[in-house]
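J.: Turn this into a model:
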Amino acid sequence: MYSILTGNCPRCHEESMYENSNPYALSKIFKMNERCSHCGLKYKIEPSFFYGAMYVSYGVGIAFAVAAFVISFLFLGSSLPTAFIAIVGTLVVFMPVIIRLSRNIWINFFVKYDPNSVKKYEAMAKS
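T.: Residues are numbered from 1 along each chain as shown. Have a look, this model is predicted:
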């Protein structure tokens, strides 16, 4: 969960996968480091690897939309058209967060946390 929420390397949790950790720097939203400098993990495991994150993004977007609806319609008592505007506004405002979050979830499906990965990488680099 830590690397999903922070955007850090899923294997060692030592550094951010992204060149700029702020998702609202829209010109650099998709720019990722090639490898982790601590454990050597290559983030783009294969060409077009993160296309699968689009499927995760759909689910995350639905979760944000449901949350916006529940807050606006049920808790604040707004009308249905106002709740619809709240859903659209929420999805537009949180789009960079949803993109990054879905990429983080996608890579964590394939790469598991290994607390000894930094030591293994350092030992392999020495030999």
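
J.: What separation do you get for residue 45 and residue 79?
T.: Distance, residue 45 to residue 79, using CB to CB, to the nearest Å: 46 Å. (C-beta placed from N, C-alpha, C; glycine too.)

J.: Now tell me which helix or strand of this structure has the poorest mean pLDDT.
T.: Lowest on mean pLDDT, DSSP states H and E among the helices and strands of the chain sits helix 117-126, with a mean of 77.

J.: what does it rub up against?
T.: The contact list for helix 117-126, computed with CB atoms under 8 Å, 6 or more residues apart in numbering, reads 11-12, 14, 38-41, 114.

J.: Run through the residues that contact the nearest residue to residue 94 once chain neighbours are set aside.
T.: Distances taken as CB to CB, 6 or more residues apart in numbering put residue 64 closest to residue 94, at 5.6 Å, once the chain neighbours are dropped. By CB under 8 Å, 6+ apart, the contact set of residue 64 is 90-91, 94, 98.

J.: And residue 64, which helix or strand is it part of?
T.: Assigned by DSSP states H and E, residue 64 falls within helix 53-69.

J.: For that helix, give the mean pLDDT please.
T.: Averaged over helix 53-69, pLDDT sits at 96.

J.: buried ones in that helix?
T.: For helix 53-69, burial by neighbour count (16 or more other CB atoms under 10 Å) applies to 53, 56-57, 60-61, 64-65, 68-69.
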